[in-house]
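*Asks:* please work out how this folds:
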Amino acid sequence: MKTALALGTFDGVHKGHRAVLSLPSGYKKTAVVFILPPKSVLSGKPQSIMTAEDKFRVIKSLGIDEIFPLNFAEIKDMPAEDFLSFLKEKFSPEYISCGFNYRFGRDAAGDTALLRKFCDENGIFLNCCEPVCADGEPVSSTRIRGLLEKGDIAGANRLTAVPFSYTAEVITGDRRGRTIGFPTINQKYPDELLPVRFGVYKSKVILGGDMYDGITNIGIRPTWQTDYIISETFIKDFSSDVYGKTVTVMPLKFVRGEVVFSSAEELKKQIQSDMEA
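*Replies:* Residues are numbered from 1 along each chain as shown. Take a look at the predicted model:
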C-alpha cells in the first residue's frame, strides 16, 4: 500500500496538528513524530504539553495507522538532506503532510522550501498546511505552553484535541491530609511535562473508568516541601485505598497560588474555603 507521512512533534495535538494529521484515504497513514519537543532536549527543561504515551494515543485516535517515534537527541546533528534521504529510504512515501513552519536537520536548517524541492524531485505530493487560527491568533504549542504556565487551563484546552491532563501512579505521602479530614491522593507530576502554574485547581479525577470531582494542588508544597513537583488531590465523595494504582487528573480551573501555612488547622480552613470556591 502507498504511504502517506505526517511530519511533526504534535505536542498537545492541537487544531493545527489535526490538519497535518488529516491524511487522505487509500494510503497507509504514518506519523513520524518526535517523542519530546526539540526545545525540551535543547534546553534540558520539561516542555511537553502531554506525555508521549498520551500523545501517541490521541494521534492514533485520529485515524493514523502507524506511529514512527523519533528521538530528537539522536538525530539533531543529522544534515537536513540526510534526514530527507532517511524518509525516502525508510517509507518510500507518495504523500507528505507538514505544518507551514516545519523545520528539520542540524541547526533546523531544513525548511518547507527544501522539503518541497525534495518532493518535486521524487514525485511526492506535499501538503503544507497553513496556520490554523483561534481568537485571531495562530494556534501553536508555544501559545498553549504560555497559557498553561499562567494557569489558564480553559484557554489551553480550547486549542487542543483533548483536555490537559496527566496520569501517574498514586504514591504514599505523609498522610497529613487524613489528620485534618481531607485525605488526598499523592502523585509525582510527570517529569517530561511542562510545569503548570503552581497552585490549587478545581479538577476532575478519572479512576477505574469513573470520574469524580476534586481539588488538586500542584507544586512543591512550600509548607512541607518536596524535592520534586507533587500533585495532591482531594477527591469528593471518595474514600477507597488507591495506593499503587494509576489515576488521571484533569485540572480545570486555577483557584489560588501556593500558600505557606503556619499550622495544620490553618491548612484545613483553607481547603474548606477552596472547596467552597
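
*Asks:* if we go by neighbour counts, what in the helix or strand containing residue 212 is buried?
*Replies:* Element membership of residue 212 [criterion: DSSP states H and E] is strand 210-219. By neighbour count with 16 or more other CB atoms under 10 Å, strand 210-219 contains the buried residues 214, 215, 216, 217, 218, 219. The C-beta positions use only the backbone N, C-alpha and C, and glycine is treated the same way.

*Asks:* for that strand, packing partners?
*Replies:* Judged by 3 or more CB pairs under 8 Å, 6 or more residues apart in numbering; DSSP states H and E, the packing partners of strand 210-219 are strand 199-207, strand 230-235, strand 246-256, helix 264-276.

*Asks:* lowest mean pLDDT across these, which one is that?
*Replies:* Comparing mean pLDDT over those, the weakest stretch is helix 264-276, at a mean of 63.

*Asks:* show residues contacting the strand holding residue 212.
*Replies:* 189, 195-196, 198-205, 229-238, 249, 251, 255, 258, 271, 274-275 (CB atoms under 8 Å, 6 or more residues apart in numbering).

*Asks:* which of the residues you listed are buried? Put it as a ChimeraX command.
*Replies:* Remark: buried members of the contacts of strand 210-219, expressed as a ChimeraX selection using 16+ other CB under 10 Å:
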select :189,196,199,200,201,202,203,204,205,229,230,231,232,233,234,235,238,249,251,255,271,274
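
*Asks:* phi, psi for residue 87 please.
*Replies:* phi -60, psi -40 (degrees, to the nearest 10).

*Asks:* same thing with the one 3 residues further on?
*Replies:* Backbone torsions for residue 90, taken as degrees, to the nearest 10, come to phi -80, psi -40.

*Asks:* which ones are touching it?
*Replies:* Residue 90 is in contact with residue 68, counting by CB under 8 Å, 6+ apart.

*Asks:* residues near the residue lying closest to residue 19 once chain neighbours are set aside, how many?
*Replies:* In this structure, residue 19 finds its nearest non-sequential neighbour in residue 129, 4.5 Å apart by CB to CB, 6 or more residues apart in numbering. As a burial measure, residue 129 scores 21 neighbours (other CB atoms under 10 Å).

*Asks:* hmm, residue 129 is touching residue 97, no?
*Replies:* Yes. With contact defined as CB atoms under 8 Å, residue 129 reaches residue 97; the gap is 6.8 Å.

*Asks:* can you give me the pLDDT of residue 72?
*Replies:* Residue 72 is given a pLDDT of 95.

*Asks:* next structured bit after the helix or strand of the chain with the lowest mean pLDDT?
*Replies:* Lowest on mean pLDDT, DSSP states H and E among the helices and strands of the chain sits helix 176-179, with a mean of 49. Once the chain leaves helix 176-179, the next helix or strand it forms, by DSSP H and E, is strand 185-188.

*Asks:* in that following strand, what's buried?
*Replies:* 185, 186, 187.

*Asks:* residue 118: which of those residues is nearest?
*Replies:* Minimum distance to residue 118 across the buried residues of strand 185-188 is 44.6 Å, recorded for residue 187 (CB to CB).
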